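J.: The following block contains a protein sequence and its predicted model.
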Amino acid sequence: MIKFLLRRIAMIIPTFIGMTLLTFALIHLVPGDPVELIAGERGITPERHALLRAELGLDKPLIVQYGNYVWDISHGNLGKSIITKQPVFKEFITLFPATMELSFFAMIFAITLGLPAGIIASVKRGSFFDHSVMGLSLAGYSMPIFWWGLLMILFFSVFLGWTPVSGRLSALFWIDADTGFMLIDSLKSDEKGTFVSAVRHLILPSIVLGTIPLAVIARMTRSAMLEVLTEDYVRTARAKGLAPFRVIMIHALRNALIPVITVIGLQTGVLLAGAILTETIFAWPGVGKWIVESINRRDYPAVQGGILLISSLVILVNLGVDMLYGVVNPRIRHNK
Amino acid sequence: MSESLPIDNHSSAPIHPVKEFWLYFCENKGALVGLCFIVFIVFVALMAHYIAPHGPFEQYRDAILTPPAWMEGGTWTYPLGTDDVGRDMLSRLIHGARLSLLVGAIVVTISLAAGILLGIVSGYVGGYLETMIMRLMDIMLALPSLLLAMAIVTILGPSLKNAILAIAVVILPHYVRLTRAAVITEKAKDYVTASRVCGARALRLMFIVILPNCMAPLIVQATLSFSTAILDAAALGFLGMGAQPPIPEWGAMLANALQFVQRAWWVVTFPGLAIFFTVLAFNLAGDGLRDALDPKLKR
């Protein structure tokens, strides 16, 4: 077990190095002179140009520059945004709770709907319900979520007027960003209706972001359950005369959950990428929207830092999932 | 999938592999529907110039934001309505089919070719080279695909061509992994040893002896990544990092329509429907292919 964990942890080191190389290359490969990008395009004297170059360390050999870059990021220094002049790390940390909140509820939505749907579909295999779940899940999987979001806005916000079109909170309220999580902050606020407004803003984006994970989880649960349900021990449990509900929920589901947990964990990366699109549609002030804006504003330090931070997160979550997998699945734990 | 075998067991002659494959494929109704839609969309794309009622860039300034024909104020001159500068939606969608299929085809060709090459080499040669290639692929897989594609587009600059390249790179690791896994299994089999004993050289072993036997999972993956490519290209187009307006790419059309969500639903609905159905069709067909080509499922 220890060996497995150590090996797994050792494996992420080259991944991290590769990622820093990619983000390092990003700033050097973009067309145009980074100094001019940072100083603005208006006339800059050659002296000042040289000074800035030296200041940014761009006059040193590439390998030294890369060394400095890695040194900086390992100390939490991701550079400053060209536009806001704020440290990139600080911007990321302020915006990240919004993305986390959205992803969390998207996941809750996907799990609470996907697990039962998958279980019922597997138990009633071949039924109309099963076919509908499989069909819908394939449809969800094929859904361009940026369009799906637009459709939801069109129907629920514009046509029915049930939910707000965009943002995290109605402009009527103002609350202090304490934790950055709108639901917690709004609960702490004294103004009436803040919390309700926050919830109403959260519903549509969560559903849209949760659609693909939902499809994947429902499919995975179904196929895992189908496999487990044919096992001998399930037949034994049935033969013992246990209630069908108990056999399915206690005996079968526990074993079927192992691959499902892995899939749920791996969806985190999908969620963070999906957040880029969902946040753009719903004007949700999270890191996804921030990266898109940074790219469009050619704010390369922000893009560089954002990509590095998001992908590090995904890698860490995947590592966590692998470890959890070792804990949940005794076969892995005892093998090595 | 139904449990019955569609094949006539009484005939003595073994059934031709292609015919057998077709029978298994037809067993999956969804796959058939998907295939029909693919054929349809390919036809539309090929015949775009003849089918489309108007040019994709032609602006009818007196018919801005005309609703679809069946709605009040709509006219059959513009069956699906017009967009904000008076271009016919249907014609743009038809020409967009061309782009999307082209994107899919180019992406799959590039990543399939490069993936097979890297996969075969790493699976066959092994050792240091294999470790290097596979580590690199692991790094690429660790990044969320859309983010990696965005990073590449940032470097290369936003255009349809660069978006295609970015998506091809993002999809590549899947092919490398699949090919390598298949090559490693095949390499140990007797027929490969037999050819080697006969004096076949490495290149011949790799590409003529082993490769054809690794094709089944690759064909399935190619179909499935066709849909990924179309979806990702549309997403990039939507974010303004792929095809640039006025190119009638479905994703870019949606991005442009964003500001008319509240006024003109047709500008938003139809490009999305086109993406959705095309992607769905390729996913359905891919599932059917997998069932038909997977020997484990053949009872």
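T.: Noted; the coordinates are in hand.
J.: For the residue nearest the centre of chain B, give me its contacts.
T.: Geometric centre of chain B, nearest residue: B:Phe226, 0.8 Å, by CA atoms, centre = their mean. The neighbourhood of B:Phe226, defined by CB atoms under 8 Å, 6 or more residues apart in numbering or on different chains, consists of B:Gly104, B:Ala105, B:Val107, B:Val108, B:Phe282, B:Gly286. Quick note: C-beta positions are derived from backbone N, CA and C, even for glycine.
J.: name the element A:Trp290 belongs to?
T.: Under the criterion of DSSP states H and E, A:Trp290 resides in helix A:287-296.
J.: actually A:Leu5, sorry about that
T.: Counting by DSSP H and E, A:Leu5 is part of helix A:2-29.
J.: one step back: in which helix or strand would I find the residue nearest to the centre of chain B?
T.: helix B:215-238.
J.: do the same with B:Leu32
T.: Residue-wise, B:Leu32 maps onto helix B:29-46 under DSSP H and E.
J.: Now do that helix against helix B:215-238, angle only.
T.: Taking axes from the mean of the first three to the mean of the last three CA atoms, to 10 degrees, one finds helix B:29-46 and helix B:215-238 inclined to each other by 60 degrees.
J.: Give me the buried positions along the helix or strand that comes right after helix B:29-46.
T.: For helix B:29-46, the succeeding helix or strand toward the C-terminus, using DSSP H and E, is helix B:48-51. Buried residues in helix B:48-51, counted by 16 or more other CB atoms under 10 Å in any protein chain shown: B:Ala48.
J.: Next, A:Val30: phi, psi?
T.: The phi and psi values for A:Val30, taken as degrees, to the nearest 10, are phi -60, psi 140.
J.: about what we covered before: where strands are concerned, which of the contacts of B:Phe226 count?
T.: Counting by DSSP state E, none of the members of the contacts of B:Phe226 fall within strands.
J.: where's the residue in the stretch 201-336 of chain A that chain B sits nearest to, which helix or strand?
T.: Nearest residue of the stretch 201-336 of chain A to chain B: A:Ala273, at 3.5 Å (CB to the nearest CB). Counting by DSSP H and E, the element that carries A:Ala273 is helix A:253-282.
J.: which other helices and strands contact that helix?
T.: Packed against helix A:253-282 by the contact rule (3 or more CB pairs under 8 Å, 6 or more residues apart in numbering or on different chains; DSSP states H and E) you find helix A:88-123, helix A:145-152, helix A:194-229, helix A:287-296, helix A:300-328, helix B:145-156.
J.: other SSEs contacting the fifth one?
T.: With contacts defined as 3+ CB pairs under 8 Å, 6+ apart, the secondary structure elements packing on helix A:300-328 are helix A:2-29, helix A:88-123, helix A:253-282, helix A:287-296, helix A:330-335, helix B:127-142, helix B:145-156.
J.: Packing partners of the second one?
T.: Translated: helix A:88-123. If you count contacts as 3+ CB pairs under 8 Å, 6+ apart, helix A:88-123 packs onto helix A:128-141, helix A:182-188, helix A:194-229, helix A:253-282, helix A:287-296, helix A:300-328.
J.: Please apply the same query to the fourth one.
T.: Using 3+ CB pairs under 8 Å, 6+ apart as the contact test, the elements touching helix A:287-296 are helix A:88-123, helix A:253-282, helix A:300-328, helix B:145-156.
J.: What distance do you get for the closest residue to B:Ala264 other than its chain neighbours to A:Leu324?
T.: Using CB to CB, 6 or more residues apart in numbering or on different chains and skipping residues adjacent in sequence, the residue nearest B:Ala264 is B:Leu65, 5.0 Å away. To A:Leu324, B:Leu65 is 52 Å away according to CB to CB, to the nearest Å.
J.: okay but B:Arg196 is in contact with B:Leu205, surely?
T.: Yes: using CB atoms under 8 Å, B:Arg196 is in contact with B:Leu205, at 6.3 Å.
J.: so what sits against both of those two?
T.: The contact lists of B:Arg196 and B:Leu205 share no entry, where a contact means CB under 8 Å, 6+ apart.
J.: who has more neighbours, the two?
T.: Ranked by neighbour count (other CB atoms under 10 Å in any protein chain shown), B:Arg196 and B:Leu205 place B:Leu205 first, with 19 against 15.
J.: rewinding a little: between the helices and strands packed on helix A:300-328, which one is nearest to B:Arg290?
T.: Counting by CB to CB, B:Arg290 lies closest to helix A:253-282 out of those; the figure is 18.0 Å.
J.: tell me the mean pLDDT over the closest one?
T.: Helix A:253-282 comes out with an average pLDDT of 83.
J.: Ok, stretch A:81-92 next?
T.: Averaging pLDDT along stretch A:81-92 yields 84.
J.: Alpha carbons of it, as PDB, please.
T.: Output of stretch A:81-92 as PDB, limited to C-alpha atoms (Å, rounded to 0.1, in the frame of the first residue of the first chain):
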ATOM      1  CA  SER A  81      -1.600  40.800 -14.100                       C
ATOM      2  CA  ILE A  82      -0.900  43.300 -16.900                       C
ATOM      3  CA  ILE A  83      -4.300  44.800 -16.700                       C
ATOM      4  CA  THR A  84      -5.100  45.000 -13.000                       C
ATOM      5  CA  LYS A  85      -1.500  45.100 -11.700                       C
ATOM      6  CA  GLN A  86      -2.600  42.700  -9.000                       C
ATOM      7  CA  PRO A  87      -0.700  39.500  -8.100                       C
ATOM      8  CA  VAL A  88      -2.100  36.700 -10.200                       C
ATOM      9  CA  PHE A  89      -2.300  34.400  -7.200                       C
ATOM     10  CA  LYS A  90      -4.300  36.800  -5.200                       C
ATOM     11  CA  GLU A  91      -6.800  37.300  -8.100                       C
ATOM     12  CA  PHE A  92      -7.100  33.600  -8.400                       C
END
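J.: Name the residues of it that are buried.
T.: Within stretch A:81-92, the residues that qualify as buried are A:Ser81, A:Ile82, A:Pro87, A:Val88, A:Phe89, A:Glu91, A:Phe92, counting by 16+ other CB under 10 Å.
J.: Now do the contacts for the fifth one.
T.: With contacts taken as CB under 8 Å, 6+ apart, A:Phe89 has the following neighbours: A:Gly76, A:Asn77, A:Leu78, A:Gly305, A:Leu309.
J.: Could you tell me which residues of the stretch 1-150 of chain A lie near chain B?
T.: Selection of the stretch 1-150 of chain A residues close to chain B by CB under 8 Å from any CB of the partner chain yields A:11, A:14-15, A:18-19, A:22-23, A:25-26, A:29-31, A:135, A:138-139, A:141-144, A:146-148, A:150.
J.: show me the contacts for A:Asn77.
T.: Here A:Asn77 is in contact with A:Pro87, A:Phe89 (CB under 8 Å, 6+ apart).
J.: Please, which helix or strand holds it?
T.: Going by DSSP H and E, A:Asn77 is not part of any helix or strand.
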